[in-house]
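>>> With the input below, show me the fold.
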Amino acid sequence: MIPALSVKEALASSAPRDDVRVQGWVRTRRDSKAFSFIELNDGSSLRSLQVIAQDSLPNYLDVQRLVTGASVEVRGKLVPSQGKGQTWEVIADELTIVGPSDDSYPLQKKGHTPEFLREIAHLRPRSNLFGSVFRVRSRLAFAVHQFFQERGFVYVHTPIITGSDCEGAGELFRITTIDAKNPPRTGDGEIDYARDFFARSTFLTVSGQLEAEAFACALSKVYTFGPTFRAENSNTSRHANEFWMIEPEMAFCDLNGNMDVAEELVKYLIRDVRVNCPEEIELFGKFVDKGLIARLDFVLDRPFQRISYTEAVELLRANGQSFEFPVEYGTNLQSEHERWLTEKHFKCPVTVFNYPKEIKPFYMRLNDDGKTVTAMDVLVPGIGEIVGGSQREERLDGLEANMRRHGLDPADYKWYLDLRRYGTVPHAGFGLGFERMLMFVTGVPNIRDVIPFARTPGSAEF
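Numbering: from 1, shown residues only. Here you go, the predicted model:
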């Protein structure tokens with residue numbers, strides 16, 4: 001049997017072919033007097049391939065009963081198309097119905113809302129919008145690896161099960177095999193996690209950063225790219241409880257070098273998608289966000305503006321605009337503040353650096369002013385924060401002091417402190433939320449719609 005040709009390959013063919021085999025799902029079927037037109041899609045391309053099934057086929061009556069959602073295999077000739085908007089079509093010599101469908105199939109040829117499609121997350125990749133989203137997701141993941149591999153970074157798989165809370169926010173999913181109905185107890189009545197599977201409290205990771213630091217202190221430049229988890233009861237369009245993070249760590253690197261890499265990565269990923277996913281980006285620009293393409297090119301064409309947190313607060317307070325969340329020094333910038341900076345004031349991406357130490361985690365390096373830490377956030381129009389990072393505290397006494405200030409016991413982080421005892425070096429890194437980046441390059445406004453099966457409060461159906 002001849003190898004099957006994908007729809008994408010068939011549409012890109014340079015010449016007619018006498019014998020091809022294609023497989024996929026029926027998008028539509030319409031009948032003429034002596035033949036039927038079938039729109040076939042296999043997910044390899046936004047565009048579908050037209051198949052012409054003539055009434056001379058022995059199973060033509062069955063072909064006339066095909067409905068949207070059925071799967072078929074077609075063998076025939078690839079010929080120049082007589083219709084508009086397509087280069088090639090297939091004249092079927094054989095058409096095999098692999099899997100029938102019926103009128104209850106929920107994806108009909110009409111517009112469906114994202115909210116409805118979330119209810120059928122197992123079928124939504126068959127729609128034009130979500131097929132495009134997840135092809136872009138695949139390409140963007142490849143581009144992430146390409147960026148770091150081209151620059152000599154080593155890819156490190158950090159653990160998903162961890163005993164440490166990297167961010168210190170306490171929003172952790174606990175991992176346990178303890179019998180919930182009859183847990184072992186300590187002498188004071190607390191659950192005895194020393195008798196749990198790992199002989200201690202363990203959780204789903206919120207970040208691979210600490211482990212990546214260990215590898216950066218041996219391999220110089222590393223990155224992680226994997227799932228992270230936050231037990232945060234947030235129902236916003238920008239938060240999910242399971243999401244993917246890109247986290248590079250670089251030895252012999254300061255805050256400026258860190259900002260350089262973060263800004264370069266954002267531009268690289270935008271450029272890659274613009275080049276390699278033109279049909280999908282065009283679809284998003286037509287039906288999701290009419291300003292998308294202009295905004296992507298806007299970010300590509302302009303340098304990032306860099307300002308300190310103090311300067312950002314001063315600008316926000318002086319602008320006279322009323323925000324839902326008041327702007328005060330010593331508080332985190334909200335999405336509305338970040339978007340004002342990028343969209344209204346500077347009209348370009350903005351990197352904010354040197355945040356008050358009180359609002360940042362324990363591992364960030366204290367500046368000489370004793371008040372701020374070497375933190376940085378990259379903000380982009382339409383989304384707000386897309387990257388967060390810092391130069392790490394490489395001084396042992398400074399790191400121990402930071403831990404105590406955040407209510408952490410240095411004894412619980414002995415291995416992490418060892419990195420400062422044995423050949424410590426200035427080092428820095430950041431986290432890029434993969435789904436946030438996807439939202440930016442697709443214009444899709446809800447994080448639930450760029451994750452195959454979203455995990456949000458009260459939602460783990462699929």
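>>> Neighbouring strands - and their directions - for the longest strand belonging to the chain?
Longest strand of the chain, by residue count under DSSP state E: strand 17-31. Strand 17-31 has the following sheet partners, assigned by DSSP bridges: strand 35-41 (antiparallel), strand 71-80 (antiparallel).
>>> any idea how far the last one is from the chain center?
I take that to be strand 71-80. Taking CA atoms, centre = their mean, to the nearest Å, one finds strand 71-80 lying 35 Å from the centre of the chain it belongs to.
>>> and if you look at the shortest one?
Mean-position distance between strand 35-41 and its chain equals 34 Å (CA atoms, centre = their mean).
>>> so after that strand, what's the next helix or strand?
Counting by DSSP states H and E, the next helix or strand C-terminal to strand 35-41 is strand 49-54.
>>> Just want the angle from that following strand to strand 71-80.
90 degrees (axes from the mean of the first three to the mean of the last three CA atoms, to 10 degrees).
>>> Can you pull the phi and psi angles for the residue of the chain most remote from its centre?
Note on the chain: the largest C-alpha distance from the chain mean falls to residue 56, namely 48.4 Å (CA atoms, centre = their mean). Residue 56 adopts backbone torsions of phi -80, psi -10, taken as degrees, to the nearest 10.
>>> how much space between it and residue 92?
Per CB to CB, to the nearest Å, residue 56 is found 10 Å from residue 92. All C-beta atoms are positioned from the backbone trio N, CA, C, and that covers glycine.
>>> still on that earlier bit, so what's the predicted local confidence for the residue farthest from the centre of the chain?
Looking at residue 56, its pLDDT stands at 95.
>>> same deal with residue 412?
87.
>>> Who are the contact partners of it?
163-164 (CB atoms under 8 Å, 6 or more residues apart in numbering).
>>> Please report how far it lies from residue 163.
Where residue 163 is concerned, residue 412 sits at a distance of 8 Å (CB to CB).
>>> can you list residues touching both of the two?
Between them, residue 412 and residue 163 share no contacting residue, judged by CB under 8 Å, 6+ apart.
>>> How is this protein partitioned into domains?
What the record gives for the chain is the domain set 7-99, 126-170+206-449, from automatic domain parsing.
>>> Any idea which of the ones you listed gets closest to residue 116?
domain 126-170+206-449 (10.3 Å; CB to CB).
>>> What strand or helix carries residue 397?
Secondary structure (DSSP H and E) places residue 397 in helix 396-405.
>>> measure residue 198 to residue 190 for me?
17 Å.
>>> So which of those two has more stuff around it?
Each of residue 198 and residue 190 has its neighbours counted (other CB atoms under 10 Å); residue 198 has more, 13 against 10.
>>> show me the contacts for the more buried one.
So residue 198 contacts 161, 163, 175 (CB under 8 Å, 6+ apart).
>>> Doesn't it belong to a strand?
No: per DSSP: H, G, I helix; E, B strand; the rest coil, residue 198 lies outside any strand segment and is coil.
>>> Tell me, how many residues neighbour residue 257?
Residues contacting residue 257 under the criterion other CB under 10 Å number 15.
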